[in-house]
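Peer 1: mind looking at a prediction? Sequence and model below.
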Amino acid sequence: MPNVRFLNALQGKPQKIPPIWLMRQAGRYHSHYQNLKKSHTFEELCKSPKLAAETAMGPIEDFDFDVAILFSDILFPLESLGMNLKYDPGPKFSELLTSENYKKLFNQHLPVQSLSFQAEAIERTIEKLPKDKSMIGFIGGPWTLISYAMGKNKEYSIGDLSEFHWNIINDQIIPLLRENVSIQIKAGAEIVMIFDSAANQLNKSDFAKYIKIIFEEIVMNFKKKVGYYAKDGVDYSLIEKIKNDSLIPLAGLGIDSNHSLGSFFSNSREGFIQGNFDEKVMTQPLNIMEKNLDKFIEETSSFSMEQRTGWVCGLGHGVLKTTPEDNVRTFVKKIRESFA
């Protein structure tokens, strides 16, 4: 450890072939994961460090990704705070978060202690990893956690965030996530990604205020160790502006596939830029997927190696459960061959 391509991307060193890792690369599309699920529940795979490591290693051994990802779930911090969480098969809370019940639900003292299984899972995964692979961790974005906790994790539009929302973000979620990042880095994660898939529910002014809080209260504590990703609908240029204006040491930024990745390529940029082949196209028949991948490679290849500095190749979002494994193998193979 670490993977040379991934390290070059983190350090801003130009290179021909980008490192490759995909959100949800250990997941339902993969036969390795499906076989483990025949004998274990999702919670067992996450909370048993030995099983979490075995799950995380599946796509490394099968597809030869450059980076392994902690196998866990973004919602466990809510459980640590006191919410009753079950997976049947998706996440379900026995009681949703409201402004009336939050003190009753968030009732745990030192909740980060109950997330220690993540640290051990990272350590056990590193023990199994080949020496030329990297290891990263992740957390969910504060608003994404609140959105799930309130039962608003799908199509949801809220007006201005209330005092209640800001208090929950500042007093409950942010302090725990900061500690969560810390234990993952101490366990050996080279970076920790913030996956904020519901941040696009926020209006522009709230989003700007929200990003500043995340950057100041989490990212600033871990120089070049935390990356950020939010789905389509957010203003990536605003994120970059806040980062640059406040000199935030963000490790990098993930870009949704509905945006042009090339507009973020620059030999003067700070931090990695990740993405952003369309995860929906990855589910198509192989010949259709390949045609779209060839176009993606052609567009990306039009930029110089220096302009592509910091590029981490991946999808716009996570691997979908209907994605054929052969498509994933082809994706990795063609990216490496095309940029060699």
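Peer 2: That came through fine. Residues are numbered from 1 along each chain as shown.

Peer 1: check the secondary structure at the residue of the chain positioned farthest from its centre for me.
Peer 2: Here the centre of the chain is the reference, and by Cα atoms, centre = their mean the most remote residue is Glu100, at 31.1 Å. At Glu100 the chain is in coil, as set by DSSP: H, G, I helix; E, B strand; the rest coil.

Peer 1: tell me the pLDDT at Glu155?
Peer 2: As predicted, Glu155 sits at a pLDDT of 51.

Peer 1: now the residue nearest the centre of the chain: how far from Gly137?
Peer 2: Centroid check for the chain by Cα atoms, centre = their mean gives Phe195 as the closest residue, at 4.1 Å. Distance of Phe195 to Gly137, given as Cβ to Cβ, to the nearest Å: 11 Å. Heads up, the C-betas are built off the backbone N, CA and C, glycines and all.

Peer 1: strands of the stretch 1-150 of the chain, start to end?
Peer 2: 67-69, 85-87, 91-93, 134-140 (DSSP state E, counting those that start in this stretch).

Peer 1: CA atoms of the last one as CSV?
Peer 2: The one in question is strand 134-140. Only the C-alpha atoms of strand 134-140 are listed here, as CSV (Å, rounded to 0.1, in the frame of the first residue of the first chain):
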residue,chain,number,x,y,z
SER,A,134,-5.2,1.2,-1.7
MET,A,135,-7.9,1.3,1.0
ILE,A,136,-10.5,4.0,1.6
GLY,A,137,-13.4,4.5,4.0
PHE,A,138,-16.6,6.5,3.7
ILE,A,139,-19.4,8.2,5.6
GLY,A,140,-22.8,9.5,4.6
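
Peer 1: ok, it: who's next to it in the sheet?
Peer 2: strand 67-69 (parallel), strand 191-196 (parallel) (DSSP bridges).

Peer 1: Val312 reaches Leu7, doesn't it?
Peer 2: No. Contact criterion Cβ atoms under 8 Å: Val312 and Leu7 do not qualify, at 11.2 Å.

Peer 1: looking at these two, which is more packed in?
Peer 2: Neighbour count, other Cβ atoms under 10 Å: between Val312 and Leu7, Val312 has more, with 21 against 16.

Peer 1: helix, strand, or coil at that one?
Peer 2: Strictly by three-state DSSP, Val312 counts as strand.

Peer 1: for the residue nearest to Lys321 when sequence neighbours are not counted, give its distance to Glu299.
Peer 2: Among residues not flanking Lys321 along the chain, Arg28 sits closest, at 3.9 Å (Cβ to Cβ, 6 or more residues apart in numbering). Between Arg28 and Glu299 the distance is 30 Å, computed by Cβ to Cβ.

Peer 1: buried set for stretch 249-269?
Peer 2: 249-257, 259, 261, 264-265, 269 (16 or more other Cβ atoms under 10 Å).

Peer 1: and what of stretch 10-29?
Peer 2: Applying 16+ other Cβ under 10 Å to stretch 10-29 flags 10, 15, 17-27, 29 as buried.

Peer 1: then stretch 237-246?
Peer 2: Neighbour-count burial for stretch 237-246 [16+ other Cβ under 10 Å]: 239-240, 242-243.

Peer 1: name the surrounding residues that touch it.
Peer 2: 204, 207-208, 211-212, 215-216, 228, 230, 248, 250, 253, 264, 270-271 (Cβ atoms under 8 Å, 6 or more residues apart in numbering).

Peer 1: show me where the protein has its helices.
Peer 2: 4-11, 31-37, 42-47, 49-63, 76-81, 102-105, 116-128, 142-149, 163-167, 174-187, 204-217, 236-245, 286-301, 325-339 (DSSP state H).

Peer 1: between the last one and helix 286-301, how big is the angle?
Peer 2: Here helix 325-339 runs at 30 degrees with respect to helix 286-301, directions being taken by axes from the mean of the first three to the mean of the last three Cα atoms, to 10 degrees.
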